[in-house]
Each structure stands twice: as structure tokens, then as C-alpha cells.
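> Sequence below, structure please.
(one chain, ligands or ions: 1)
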Amino acid sequence: MKAFEWANAASVDDAVKLLSGSDTKTDPDEMPRPMGGGQDLLTTMKSYITRPPRVVNLKTITGSGTVKSDGSGGLLIDALVTLSAIIDHPDVQKNYPGMVEAAHSIATPQIRNLGTIGGNLNQRPRCWYFRAENIKCLKRGGDTCFAINGENKYHAIFGGGGTCVMVHPSDLSPMLMALNAAVTITGKQGKRDVPIEKFFVLPAEDVRKENVLNPGEIVTEIHLPATTAKSTYLKFKERASLDFAMASVAAAVEFNADKSVKNARIVLGGVAPIPWYVPDVSAFLAGKMLDEATIAHAAVLATVDAKPLSQNGYKFPLTQTLVRRALAKLNA
Ligand SMILES: Cc1cc2nc3c(=O)[nH]c(=O)nc-3n(C[C@H](O)[C@H](O)[C@H](O)COP(=O)(O)OP(=O)(O)OC[C@H]3O[C@@H](n4cnc5c(N)ncnc54)[C@H](O)[C@@H]3O)c2cc1C
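Numbering: from 1, shown residues only. Now for the predicted structure:
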């Protein structure tokens, strides 16, 4: 690990100041980094993937880590709220059960006690080429994505676009996208709110970044709007214990009084460099009853635009099965 300076931020403004001042660096992996629970950041530092001159501890921000009402039936979740606190929160349990399932599917109780929602959204990819200390892949400033013609069993079937085929590792992100969440970003220029659908960036847009954060900016809050949708998160892991998703599905469905679909949002995880919203499924399901044939067709539609790599064709039937199970579960 490269030597670094440690700074405890007392406030959001303080954190932004401590993170700024190195904007002139050209390599984003050599800029100061914010730290929530450190469950991902420290592993990337130990492998020299990130080499920040300064780590800014956000957990010392006064008043951080709260979940508050937005005054209209939704929730404002501070970026420092832990995954365990999300699982235990009564309003999350009542109105956003998919969030509880997504948070519960992550890692281990110990990691969930320390890991934060802000860190979960901003964690780095798990691609084994990206994570290998001595491999300079495209995403680390090299000129080749080694997974495209290499070991690509866990990689993307959507959105790689011939550039980088990593998959987005966060389990909360697809669920937040299905629930139409928004992210508050704070930086030197002040605050801005970004719908989570616009938060993540594809490798073709900027291969060195996973989201729209500029140097010195941090995520400070996540807004979950009020909803009457039923929600669920289903994840398939290779190991039954802790593991990342080989494929997952976040589903949020609002029903009419006659049980037809008023509005459905399906977002896929573990299959693309960003959480993958499939609008065609929403359009197809609107107004329909969720009978077996409709569910089966929706599942096929979910993967229509996917393109397999040499070793990950299994993600097609896996994803379709998860979509079928999620819709059947919400319809029950
Ligand atoms: C063994 C293991 C298994 C795991 N399994 C899963 C899993 O199944 N699913 C899953 O989703 N994740 C998994 N994780 C990843 C991750 O540790 C957790 O998801 C956790 O939520 C990360 O939160 P953190 O606060 O510890 O992040 P940190 O390590 O503190 O930060 C992660 C990254 O986000 C940045 N960051 C942190 N906070 C902010 C902020 N507020 N604004 C902007 N950037 C920020 C950091 O600079 C860093 O780059 C696993 C990790 C481990 C070690």
C-alpha cells in the first residue's frame, strides 16, 4: 500500500475541501479518496489500484448516518447509513422491502455493519483483470480490456460496447434504480440532485469512471421517493455464502385495483457495467395481468438486446429465470 495522509472530516464542507486541491492530477486513481466503511476502498489501496495521497474519513461528519422522512412519504438516506441500518429500518421494511432484500444479500453481517450506502454505490468493479495488481487494463489507463478475449465468465452481456466488459458490483444500485431513487452530490460548486438512472456512466462514455462524480465531489444523500409499488430483489450467487451477483433482478411493480400492472420497473444487476434498466419490459407489462405467458414473455424481452461473450452465455437463462421469479413473487 502506498503511504497516505489520513483526514477526519468534521462536516460535508470540510470533506469537500479535504478532497479538493489535487484536481490537476491526470490519473483519477491518484486523487484523494473519501472513505465510508472502507470495506472496498482499503482492498483497492492494498492492491495499488487506487493510490490516494489522502484518505478522507466521512464517518466523522457530525450528524451523519441518519434516515429521515422527506415530508411526502419518501425517505432521505444519508450516504453514511450502514447496510445493516437499512435492513433494520422500519420504514424501509414497510415501504421498500426490495431494499431490505438487496442490502441483506450483500457480503457478511460484519461487512454490512461497516459498509455504507454511499460506499456501496461507489465501490469499484470486481473484474479480476482490473483487480490484479500487475495488470494495467483499459480501465486502469492501459489500452486493452483483457476480459473480452480472456476469462469472461463473470462479465457483461449488455453495455460493454467492445470497450470494457466489467459488471457493476453493487446490489443496492439496481434496486434504487427500480425505485426511481435520486442521488444528492455535493462538491465545491454546491449540491446537485441526479436521478440514479443518470448517475452511472458506461465505459464507452469514460472508461476510467463508473459514475458522474467529478474530482472532489461526494454522494451525500439518497432520496427514495414515496411509492405504492411492491418490490423485490433476487440475486444468484455462485456460493451460497457471501458473493457478488452472477445475475440479479430488482423489480418494482405498482398494481391497479384489478391486479393489472400500473407501472413496472425491472433493473438487472451483474450483467452490465451499470445497473441495466429494461424499458421494453416496462412498456410491455403496462396494463397487463401477470399471468404465466405474460411473465414468460417479459423474461425473454429482458435479454433481447444482450450479447454473450465466449464464457457467459449462461447469463441469458439465469437472468430470464430471475425475472420470471421476481414477477411471480410480486404477483402472489
Ligand atoms: C468480501 C466482500 C464481499 C462483498 N460482497 C458484496 C456484495 O455481495 N454486494 C455488494 O454490493 N457489495 C459487496 N461488497 C462491496 C462493499 O464492501 C460493500 O458493498 C460496502 O457497501 C462498501 O461500503 P463502504 O462504506 O465500506 O465503502 P468504502 O470502501 O468506504 O468506499 C468504496 C468506494 O466508494 C468511495 N466512496 C465511499 N463513500 C463515498 C461517498 N459518500 N461519495 C463518493 N464516493 C464514496 C470510496 O472512495 C471508494 O472508492 C463486498 C466487499 C467485500 C470485502
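> Could you check which residue of the stretch 1-150 of the chain lies nearest the ligand?
Nearest to the ligand in the stretch 1-150 of the chain, going by Cβ to the nearest ligand atom, is residue 119, at a distance of 2.0 Å. For the C-beta atoms, the positions are set from N, CA and C on the backbone; glycine is no exception.
> per-residue confidence at that residue?
Model confidence at residue 119, given as pLDDT, is 98.
> what's the closest non-adjacent residue to it?
Excluding its sequence neighbours, the residue lying closest to residue 119 (Cβ to Cβ, 6 or more residues apart in numbering) is residue 36, at 3.6 Å.
> Mind telling me what element the residue of the stretch 1-150 of the chain closest to the ligand is part of?
Assigned by DSSP states H and E, residue 119 falls within helix 117-122.
> The residue of the stretch 1-150 of the chain closest to the ligand contacts residue 44, doesn't it?
No: at 11.5 Å, residue 119 does not count as touching residue 44 under the criterion of Cβ atoms under 8 Å.
> by contact count, what packs against the helix holding residue 119?
Contacts defined by 3 or more Cβ pairs under 8 Å, 6 or more residues apart in numbering; DSSP states H and E place helix 117-122 against helix 83-88, helix 172-178, strand 218-224.
> Tell me the helix or strand right after that helix.
Following helix 117-122 toward the C-terminus (DSSP H and E): helix 128-131.
> residue ranges for the helices of this protein, please.
Per DSSP state H, the chain carries helices over the ranges 12-19, 41-46, 83-88, 90-95, 97-104, 109-114, 117-122, 128-131, 172-178, 279-285, 292-302, 315-331.
> roughly how far apart are the residue nearest to residue 119 and residue 102?
Separation of residue 36 from residue 102 (Cβ to Cβ, to the nearest Å): 17 Å.
> Compare those two and say which is more crowded by neighbours.
Each of residue 36 and residue 102 has its neighbours counted (other Cβ atoms under 10 Å); residue 102 has more, 32 against 28.
> so what's that one up against?
Neighbouring residues of residue 102 by Cβ atoms under 8 Å, 6 or more residues apart in numbering: 171, 172, 174, 175, 233, 235, 250.
> Need the nearest residue in space to residue 128, chain neighbours excluded.
Using Cβ to Cβ, 6+ apart and skipping the chain neighbours, the partner closest in space to residue 128 is residue 151 (7.0 Å).
> isn't residue 295 right up against residue 325?
No: Residue 295 is beyond contact range of residue 325, at 9.1 Å (criterion: Cβ under 8 Å).
> Next, the residue nearest to residue 136 when sequence neighbours are not counted: phi, psi?
Excluding its sequence neighbours, the residue lying closest to residue 136 (Cβ to Cβ, 6+ apart) is residue 142, at 3.7 Å. Per-residue torsions, residue 142: phi -80, psi -160 (degrees, to the nearest 10).
> and residue 142, how many neighbours?
13.
> Equivalent analysis for the one 3 residues further on, please.
Summarising burial for residue 145: neighbours were counted as other Cβ under 10 Å, giving 24.
> So it sits against residue 135, correct?
No: contact criterion Cβ under 8 Å: residue 145 and residue 135 do not qualify, at 10.9 Å.
> tell me which parts of the stretch 1-150 of the chain are close to the ligand?
Neighbours of the ligand within the stretch 1-150 of the chain, by Cβ under 6 Å from any ligand atom: 33-41, 43, 58, 79, 83, 106-107, 111, 114-116, 118-120, 122-124.
> how about a cut-off of 8 Å?
Taking Cβ under 8 Å from any ligand atom as the criterion, the stretch 1-150 of the chain approaches the ligand at residues 33-44, 50, 52, 58, 79-80, 82-83, 105-108, 111-112, 114-124.
> Just the buried subset of the residues you listed, please.
Neighbour counting with 16 or more other Cβ atoms under 10 Å marks 33-41, 44, 50, 52, 58, 79-80, 82-83, 105-107, 111-112, 114-124 as buried within those.
> And for the closest residue to residue 246 other than its chain neighbours, the neighbour number?
Nearest residue to residue 246 in three dimensions, chain neighbours excluded: residue 236, at 5.2 Å (Cβ to Cβ, 6+ apart). For residue 236, the count of nearby residues is 18 (other Cβ under 10 Å).
> any idea how far residue 314 is from residue 236?
10 Å.
> how about the residues of the stretch 201-332 of the chain that lie near the ligand?
Within the stretch 201-332 of the chain, the positions adjacent to the ligand are 213, 217, 218, 219, 220, 235, 237, 242, 243, 244, 245 by Cβ under 8 Å from any ligand atom.
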